[in-house]
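**Q** Got a sequence here, can you build the structure:
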Amino acid sequence: MTTLSALIVGHGRMGQLIESLAPHYGIQITGVVTSRTARSDLARSRFPRLDVIFEFTAASAFVENLAALCDLGAPLVVGTTGWSEHHETAVRAAVERAGIAGVFAANFSVGATVLEAVAVRTATLIADHGDYGAFLHEAHHAGKRDAPSGTAKAILAAIERAGYLQRLDVSVTRAGHLPGIHTVGFDGPSETITLTHTVRDRATFARGALHAGRWVQGKQGWFTMRDVLGIE
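**A** Residues are numbered from 1 along each chain as shown. Model prediction:
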């Protein structure tokens, strides 16, 4: 396995997990840039050879650093959330102009990606039965700021893109140290369908991101974890 040279932008919990697990994926971390100093530190002269960039900061930092990230010329693996609603068109255009690839996901775990795909399929199958009500509940640790989570928003958006137009009720819990639980349900007069993904270890997110970092080599364009996992 060829060793890849990687840069981590954002050294919070995800950045630290990626750094610790990278050697198991044949990835060498050659630089770490914090979210606060990223714009001034993302000079191509500092990182002349990169195979992949892992970006896990905050929405404002990602948008501010986008041009500098693209100038580095390496594929991006972006887990930062909260920017897509207003900036997705600009981000897509920047990636295309730079001729690079990017894997963008609110959640890099295999299970969450499968949950989204199964929830979409279930919604399309149940859509013609108007007597079913749909709901999504997500629970995270007390310190998580965004609510609903980026994962929940991604699931909702995927269901809507699939043509499910009925109301989908959303609820949120922020308590304790919960690493992440997402449940999508469809409730009928006499039965309930529930689909749940529970995270027991945050390392699953880092493993997914590292897998994406290897998968994206030699590609160009915009990708998601469904592309990485071959889920249509």
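**Q** quick one: the helices in this structure?
**A** Assigned by DSSP state H, the chain shows helices spanning 13-21, 38-41, 59-71, 84-98, 110-126, 150-161, 203-215, 225-229.
**Q** Redo those as TSV? Include mean pLDDT, distance to Glu191 and mean neighbour count.
**A** Every residue, glycine included, has its C-beta placed from N, CA and C. Putting those into TSV (pLDDT from 0 to 100; distance: least, C-beta to C-beta, whole Å; neighbours: other C-beta atoms under 10 Å) gives the following:
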stretch	mean pLDDT	distance to Glu191	mean neighbour count
helix 13-21	96	38	18
helix 38-41	70	50	15
helix 59-71	92	39	18
helix 84-98	91	34	14
helix 110-126	97	11	19
helix 150-161	93	20	20
helix 203-215	98	31	22
helix 225-229	97	28	20
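**Q** a markdown table for the ones you listed, including distance to His177?
**A** Formatted as a markdown table, the helices of the chain follow (distance: least, C-beta to C-beta, whole Å):
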| stretch | distance to His177 |
| --- | --- |
| helix 13-21 | 12 |
| helix 38-41 | 28 |
| helix 59-71 | 24 |
| helix 84-98 | 27 |
| helix 110-126 | 19 |
| helix 150-161 | 17 |
| helix 203-215 | 15 |
| helix 225-229 | 25 |
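**Q** Let me know which of the ones you listed is the nearest to Leu136.
**A** Leu136 lies closest, by C-beta to C-beta, to one member of these: helix 150-161, at 5.9 Å.
**Q** Show me what the closest one is packed up against.
**A** helix 110-126, strand 133-140, strand 168-174, strand 181-187 (3 or more C-beta pairs under 8 Å, 6 or more residues apart in numbering; DSSP states H and E).
**Q** quick one: that helix to helix 110-126, angle?
**A** 30 degrees (axes from the mean of the first three to the mean of the last three C-alpha atoms, to 10 degrees).
**Q** what's the angle from helix 150-161 to helix 84-98?
**A** Going by the same axes, to 10 degrees, helix 150-161 makes 90 degrees with helix 84-98.
**Q** which outside residues touch helix 150-161?
**A** Applying C-beta atoms under 8 Å, 6 or more residues apart in numbering, the contact partners of helix 150-161 are 81-82, 105-107, 112, 115-116, 119-120, 123, 134, 136, 138, 148, 168, 170, 172, 180, 182, 184.
**Q** Isn't Thr34 up against Gly10?
**A** Yes - counting by C-beta atoms under 8 Å, Thr34 touches Gly10, with 7.0 Å between them.
**Q** who has more neighbours, these two?
**A** Gly10 (25 against 15; other C-beta atoms under 10 Å).
**Q** Can you tell me the closest non-neighbouring residue to that one?
**A** Thr57 (3.7 Å; C-beta to C-beta, 6 or more residues apart in numbering).
**Q** Could you measure from the one you found over to Lys153?
**A** 18 Å (C-beta to C-beta, to the nearest Å).
**Q** residues contacting His177?
**A** His141, Ala142.
**Q** ok so, going back, would you format the helices and strands packed on helix 150-161 as JSON lines with distance to Leu210 included?
**A** Shown next, in JSON lines, are these (distance: least, C-beta to C-beta, whole Å):
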{"stretch": "helix 110-126", "distance to Leu210": "12"}
{"stretch": "strand 133-140", "distance to Leu210": "22"}
{"stretch": "strand 168-174", "distance to Leu210": "28"}
{"stretch": "strand 181-187", "distance to Leu210": "22"}
